[in-house]
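Novice: give the three-dimensional model of this entry:
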Amino acid sequence: QRLCATRLSLKDFKAMYTTILWGVAIPMHVRIRGGRGARSRACCKALLLVLLCSPPLSSITSIIASDQVLGPTAPQVPDCSREPLPLDADPQYFPTGAFGIDGAFEASINACFLRAMQEAPLPELVTLETAQVFRLTLIPAWRPPFIVRLAVRSDGTGTLAVKAAKSQRNAGVITVGRTEAISKSDVDVFLTLVEAAGFWSMSTKEVYSKDPRVIVQVMDGEKWVIEGAQNGRYHVVTRTSPKPGPYAELTSYLFRRLARLEMPPVPVIPRKRH
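Specialist: As a prediction, this is how the structure comes out:
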């Protein structure tokens, strides 16, 4: 029990597992029967420790190839920049089918950032004092994600929460986290932009005007996702690098005017000289 209570790092586990492999693969160099020699004692101790404390042998290979640690550890935040991504569950942020029939991946990637940045499902934030809640999730290609959440109070004022993560890979590391009050006049301007964009009736994904059955696909752009919740009503709209228009004005006002944020530049990777 004392051995298993010890927190084993990946390095220690690899060392012990390697010791066992040496003891099994090259028995001539390790005298296990007589228990003689330092290498023999080390091999037996490592074998006992791994058999008592390690997971099933079928998962040893996956543990060695990953960054897991044996023993009690904090929950691991998923890497939202790589697949496979965890499903949108526990908690579920978006209603099933919110992004269409083939929108499971879209829901997973958006939920991954919301979960990593410690956000709650938006309908849960609507209370008697908070009549409406809007949340902008900005996921720009090759840059950190942002979250701007505006809670509109029953008296017309608002509360703004702003978050920025270190990177898409480390979305759980919050570099900007602040909350501030928003005046009624600024809230009124925002709600006017919401109505002007026709947010509550917009299609969740952008479609071609000539054929609404075809979804517009934009690669490596800036994904602007706005959620809205009020009185049991929920809607989500996502656009990638939106063209100038009512929706772009809505997102820009929330991101730049109220949150006072600016889009970071695309990182430049220097080329190697041959």
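Novice: use CA for all of it now, contacts and neighbours both
Specialist: Will do.
Novice: list the contacts of whichever helix or strand Ala131 is part of.
Specialist: Using DSSP states H and E, Ala131 falls within strand 130-140. Strand 130-140 has contacts (CA atoms under 8 Å, 6 or more residues apart in numbering) with 110, 122, 125-126, 145-154, 220-231, 251, 254-255.
Novice: following the least confident helix or strand in the chain by mean pLDDT, which helix or strand comes up?
Specialist: Of all helical and strand segments in the chain, the minimum by mean pLDDT, DSSP states H and E falls on helix 60-64, at a mean of 42. The helix or strand immediately downstream of helix 60-64 is helix 104-116, counting by DSSP H and E.
Novice: check which helices and strands that next one sits against.
Specialist: If you count contacts as 3 or more CA pairs under 8 Å, 6 or more residues apart in numbering; DSSP states H and E, helix 104-116 packs onto no helix or strand.
Novice: tell me the angle that helix makes with strand 130-140.
Specialist: 110 degrees (axes from the mean of the first three to the mean of the last three CA atoms, to 10 degrees).
Novice: and helix 104-116, which residues are buried?
Specialist: 104-116 (16 or more other CA atoms under 10 Å).
Novice: farthest pair within the residues you listed?
Specialist: With distances taken as CA to CA, the most widely separated pair in those is Ala104 and Ala116, at 18.0 Å.
Novice: A helix includes Tyr253, no?
Specialist: Yes - assigned with DSSP: H, G, I helix; E, B strand; the rest coil, Tyr253 falls within a helix.
Novice: residue ranges of the strands in this protein, please?
Specialist: Listed in chain order, the strands of the chain (DSSP state E) span 130-140, 146-153, 158-165, 174-182, 222-230, 233-240.
Novice: list the contacts of the nearest residue to His235 once chain neighbours are set aside.
Specialist: Nearest residue to His235 in three dimensions, chain neighbours excluded: Gly228, at 5.4 Å (CA to CA, 6 or more residues apart in numbering). Contact analysis of Gly228 by CA under 8 Å, 6+ apart lists 122, 132-135, 234-236.
Novice: out of those residues, the closest to Ser209 would be?
Specialist: Val236 (19.6 Å).
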